[in-house]
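# Return atomic coordinates for the entry below.
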Amino acid sequence: PSLVAGLLDGTPKEVPSHYSKTSPIELIPVDIEQILIHGENDRQVPVEMSINYYNKALEKGARIHLEILFDTDHFMIIDPYSLAWNKVLESLNLYISNDKKER
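Residues are numbered from 1 along each chain as shown. Now for the predicted structure:
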């Protein structure tokens, strides 16, 4: 069994309600501003997943931002030694700064 199936006590076919209760897209809207940062070349989690989440969240009135980092894979976003790391920090700082200005 997969790690997820172990965590959720079964497969999606066995316990579909467990999966819907833990699926981020099923929990929209959440009452917190979100910043999605996704690598364009992510092979583990396709960028379309973040795009779909972002679009659904916007439709439901969520406060959400999406940054797609070009030439960036899944792990570069969390690697402080990667070329993408500075862009991640810039994105976070931009939205944090804008949030402070709006208060």
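# before we move on, what SS does the spatially most central residue of the chain have?
Central residue check for the chain by Cα atoms, centre = their mean: the C-alpha nearest the mean position is that of Leu36, 4.6 Å away. Three-state secondary structure (criterion: DSSP: H, G, I helix; E, B strand; the rest coil) places Leu36 in strand.
# now the residue lying closest to His65 once chain neighbours are set aside: how far from Ser2?
Counting by Cβ to Cβ, 6 or more residues apart in numbering, Ile35 is the residue found nearest to His65 once chain neighbours are left out, at 4.9 Å. Every residue, glycine included, has its C-beta placed from N, CA and C. As for Ile35, its distance to Ser2 is 28 Å (criterion: Cβ to Cβ, to the nearest Å).
# These two - which one has more neighbours?
In this comparison of Ile35 against Ser2, neighbours counted by other Cβ atoms under 10 Å, the higher total goes to Ile35 at 16 against 8.
# for that one, what are its contacts?
Contact partners of Ile35, counting by Cβ atoms under 8 Å, 6 or more residues apart in numbering, are 64-65, 67, 91-92, 95.
# got the contact list for the lowest-mean-pLDDT helix or strand in the chain?
When the helices and strands of the chain are compared on mean pLDDT, DSSP states H and E, helix 85-102 comes out lowest with a mean of 82. With contact meaning Cβ under 8 Å, 6+ apart, helix 85-102 is reached by 33, 35, 37, 65, 67, 69, 72, 76-77, 79.
# Just the buried ones among these, please.
Buried members of the contacts of helix 85-102, scored by 16 or more other Cβ atoms under 10 Å, are 35, 37, 67, 69, 72, 76-77.
# hey, where'd the helices end up in this protein?
3-7, 16-22, 47-59, 85-102 (DSSP state H).
# Can you tell me the closest non-neighbouring residue to Arg63?
Glu33 (4.1 Å).
# Do you know the pLDDT at that neighbour?
You'll see Glu33 listed with a pLDDT of 90.
# need the contact list for the closest residue to Ile25 other than its chain neighbours.
Once its chain neighbours are removed from consideration, Ile25 has its nearest residue in Tyr53; the separation is 5.2 Å (Cβ to Cβ, 6+ apart). Tyr53 is in contact with 24-25, 28, 36, counting by Cβ under 8 Å, 6+ apart.
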